[in-house]
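>>> Quick check, what structure comes out for this input:
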Amino acid sequence: MEAVILILGLLFFAFVALGVYAGVKAVGAAKRGVDRTISQARRTVEETTLRAKSYGQTGVGGELAQLRLALRTSMRATQEALRAGAAEDASLSESLGLFQRLSVHGRELDEELKKLEREPDRATVASLLPSLKQRTERITHSADSLRWAARDRARQFSDDSLDALNAQIDVEAGALRHWTVEPDEPVQGQNGPQQGDASGRSRGQSQGHRSQAPGHDQQQQPGQGQGSGSGDSEARAITASDPRRQTGYPWQKAPRSETTN
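So this is what the prediction gives:
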């Protein structure tokens, strides 16, 4: 009885612990979703503000807004491209690591540009613009290189896969058309037996002629065939044959005697 109570108590505590763990995970996932939504909303607002400043303002403020907008757009596009490609191509993990290191420099530059937007000394900010533009171009160039390299790699893999698929389809199409007969085959098939019969008949005729040739030669020999044939006919003409000695066939009737009425 005590063992049963102990087992039930352990099961109860296990279910309670499992429920607490599931609740914590659900709360954490909800919090991460809310933070992600807030971050996306904040980023959208900032980019909209930067786009408005780059088109609406002139001078140092407009140039700083353009630099920040170009930097953020390039970095975000590269990050999305590398993450999407790394899910299918494991070799992009190294490129993603390099982008993470580049993102550190990008965030530092974005923070610096953001601070300079609130700087009241516009002359000093104007003197720093050439170096800021150079840094922005270097970072965006590196980000663009990674992004386009990943896209070219994915396109090349897609082309190779398509070529292999086309080759397999061509082989399968050829196999499906294997029943097709070439134009010369029916003619050969139809003419084959006729030619065989004709050759057989010609061989038979030649053999027949060869078989008749010895008999013809024997008839031409003097004193054998012709002499014996003429002697037999003369003997039959001189001496009449006895009808009682003739061998008849089973279906012939027996000859009747002369005294029978």
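>>> mind listing the helices in the stretch 101-250 of the chain by residue range?
122-176, 184-220, 225-238 (DSSP state H, counting those that start in this stretch).
>>> shouldn't residue 69 be in contact with residue 48?
No - with contact defined as CB atoms under 8 Å, residue 69 does not reach residue 48; the gap is 10.0 Å. Heads up, the C-betas are built off the backbone N, CA and C, glycines and all.
>>> Comparing the two, which residue is more hemmed in?
Just comparing residue 69 and residue 48: by other CB atoms under 10 Å the higher neighbour count belongs to residue 69, 19 against 10.
>>> any idea which element the more buried one lies in?
Using DSSP states H and E, residue 69 falls within helix 60-86.
>>> so is residue 89 in a helix, a strand, or just coil?
Secondary structure state of residue 89, per DSSP: H, G, I helix; E, B strand; the rest coil, is coil.
>>> List phi and psi for it.
In terms of degrees, to the nearest 10, the main-chain angles of residue 89 are phi -120, psi 110.
>>> got a list of what it touches?
153-154, 157 (CB atoms under 8 Å, 6 or more residues apart in numbering).
>>> OK, contacts around residue 77?
143, 147.
>>> Next: residue 126.
Residues in contact with residue 126 (CB under 8 Å, 6+ apart) are residue 60.
>>> Wait, residue 65 touches residue 58, no?
No - using CB under 8 Å, residue 65 is not in contact with residue 58, being 10.6 Å away.
>>> In terms of neighbours, single out the busier of the two.
residue 65 (21 against 8).
>>> Not counting sequence-adjacent ones, nearest residue to the more buried one?
Nearest residue to residue 65, sequence neighbours excluded (CB to CB, 6 or more residues apart in numbering): residue 53, at 3.7 Å.
>>> Show me what the helix or strand where the one you found lies is packed against.
For residue 53, the element it lies in under DSSP H and E is helix 2-56. If contacts are counted by 3 or more CB pairs under 8 Å, 6 or more residues apart in numbering; DSSP states H and E, helix 2-56 sits against helix 60-86.
>>> May I see the buried residues of the helix it packs on?
Neighbour-count burial for helix 60-86 flags 60-61, 63-72, 74-75, 78-79, 81-82, 85-86 (criterion: 16 or more other CB atoms under 10 Å).
>>> residues near the spatially closest residue to residue 59 that is not a sequence neighbour, how many?
Excluding the flanking residues, the one nearest residue 59 by CB to CB, 6+ apart is residue 122, at 7.3 Å. Residue 122 has 12 neighbouring residues, counting by other CB under 10 Å.
>>> go on, residue 132?
Counted with other CB under 10 Å, residue 132 comes out at 18.
>>> quick one: the residue nearest to it when sequence neighbours are not counted and residue 121, what's the gap?
Take residue 132 and drop its neighbours on the chain: the residue closest to it by CB to CB, 6+ apart is residue 67, 6.2 Å away. Taking CB to CB, to the nearest Å as the measure, residue 67 and residue 121 are separated by 18 Å.
>>> Residue 169 too?
68 Å.
>>> Now do the phi/psi pair for residue 91.
Main-chain torsions, residue 91, degrees, to the nearest 10: phi -70, psi -10.
>>> Domains in this structure, by residue range?
According to automatic domain parsing, the chain comprises the domains 1-56, 59-165.
>>> Now render the ones you listed as a markdown table, adding distance to residue 177.
Output for these, formatted as a markdown table (distance: least, CB to CB, whole Å):
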| stretch | distance to residue 177 |
| --- | --- |
| domain 1-56 | 55 |
| domain 59-165 | 19 |
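>>> Determine which of those domains shows the lowest mean per-residue pLDDT.
Among the domains of the chain, domain 1-56 carries the lowest mean pLDDT, at a mean of 79.
>>> residues contacting residue 110?
68, 71-72.
>>> Recalculate using a threshold of 10 Å.
Counting by CB atoms under 10 Å, 6 or more residues apart in numbering, residue 110 makes contact with 46, 67-68, 71-72, 75, 103, 136, 139.
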